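Asks: attaching a predicted model along with its sequence, questions to come.
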Amino acid sequence: MRGYLASLVLVLGASVGVAQDMPLFTFAKLGAKWEQVWDKAGPRAAAVPPVGVPGAVTALSKDGATVYAGYADRAAVWAYPVKPDGKPDLTAGAPYAPLRIVEGYDNSRDALEKRRKNPPTLAVTALAVDDGGRIYAATKKDIQAFDPTGRLCGVLPLPKAGAVVGMRYRPGPSPALIVDVGTLWTRELK
């Protein structure tokens, strides 16, 4: 019996150790604020070219094996494997990173029926991937950050109201997220 309990504790301990939480504060600088960037040409010129997923904004994973796609009418960022020819396999895609769509949750019968008939969606207008494999999805409400496994890490507020029309990650000694909301804004990361 003692051996069984020790084995159970060892197995449970190992499975808990495999899960890796990546809260926002581990990669977003505490106290960092959005700063306006005046030169619009620089970040746009260095942006990653779009990958062929019709009707979607896209970003390529760090290893180049996955294309992430954000749509105007879905509830998640989708992932597509990249074929040997470098194009995404559009037949093998699946929802990957579920978007946080509603602030609160109404569990009433009417609300459940409404969600069943008309599931909520949130348009993704720009995507970026950083050196750690985290995915940033810009929406009209905020920028949602996901870990490499598609779990929500946290949410960054938009620098100003408006539609995000472009976003990219700037690597280097002072990494940052650069967002185009009609004007360019940058926010330092760790």
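Replies: Here it is on my side, so go on. Numbering: from 1, shown residues only.
Asks: make it CA atoms for all contacts and neighbour counts henceforth
Replies: OK.
Asks: in this protein, where is pLDDT below threshold?
Replies: By pLDDT under 70, the weakly predicted segments of the chain are 1-22, 24-26, 38-51, 103-104.
Asks: need the helices for it, in chain order.
Replies: In the chain, the segments counted as helices under DSSP state H are 2-18, 41-45, 109-117.
Asks: show me what the last one packs onto, helices and strands only.
Replies: The reference is to helix 109-117. Applying 3 or more Cα pairs under 8 Å, 6 or more residues apart in numbering; DSSP states H and E, we find helix 109-117 packed against no helix or strand.
Asks: what sits up against that helix?
Replies: Helix 109-117 has contacts (Cα atoms under 8 Å, 6 or more residues apart in numbering) with residue 106.
Asks: CA atoms only for it - export them in CSV, please.
Replies: Output of helix 109-117 as CSV, limited to C-alpha atoms (Å, rounded to 0.1, in the frame of the first residue of the first chain):
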residue,chain,number,x,y,z
ARG,A,109,-31.5,29.7,-19.7
ASP,A,110,-32.2,32.6,-22.1
ALA,A,111,-28.5,33.5,-22.4
LEU,A,112,-27.5,29.8,-22.9
GLU,A,113,-30.1,29.4,-25.7
LYS,A,114,-28.9,32.7,-27.3
ARG,A,115,-25.2,31.5,-27.3
ARG,A,116,-26.2,28.1,-28.7
LYS,A,117,-28.1,29.7,-31.6
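Asks: just give the closest residue to residue 130, not the sequence neighbours.
Replies: residue 169 (5.7 Å; Cα to Cα, 6 or more residues apart in numbering).
Asks: for the one you found, grab the count of nearby residues.
Replies: 25 (other Cα atoms under 10 Å).
Asks: for it, what are its contacts?
Replies: Applying Cα under 8 Å, 6+ apart to residue 169 gives the contacts 128, 129, 130, 175, 176, 177, 178.
Asks: wait, doesn't the last one sit right on residue 165?
Replies: No: Residue 178 lies out of contact with residue 165 (Cα atoms under 8 Å); the separation is 11.1 Å.
Asks: more neighbours: which of the two?
Replies: residue 178 (23 against 17).
Asks: so what pairs up with the more buried one in the strands?
Replies: Residues in a beta bridge with residue 178, per DSSP bridges, are residue 168, residue 186.
Asks: relative to residue 135, how far out is the nearest residue to residue 158 once chain neighbours are set aside?
Replies: What sits nearest to residue 158 in space, not counting adjacent residues and going by Cα to Cα, 6+ apart, is residue 142, at 5.2 Å. To residue 135, residue 142 is 14 Å away according to Cα to Cα, to the nearest Å.
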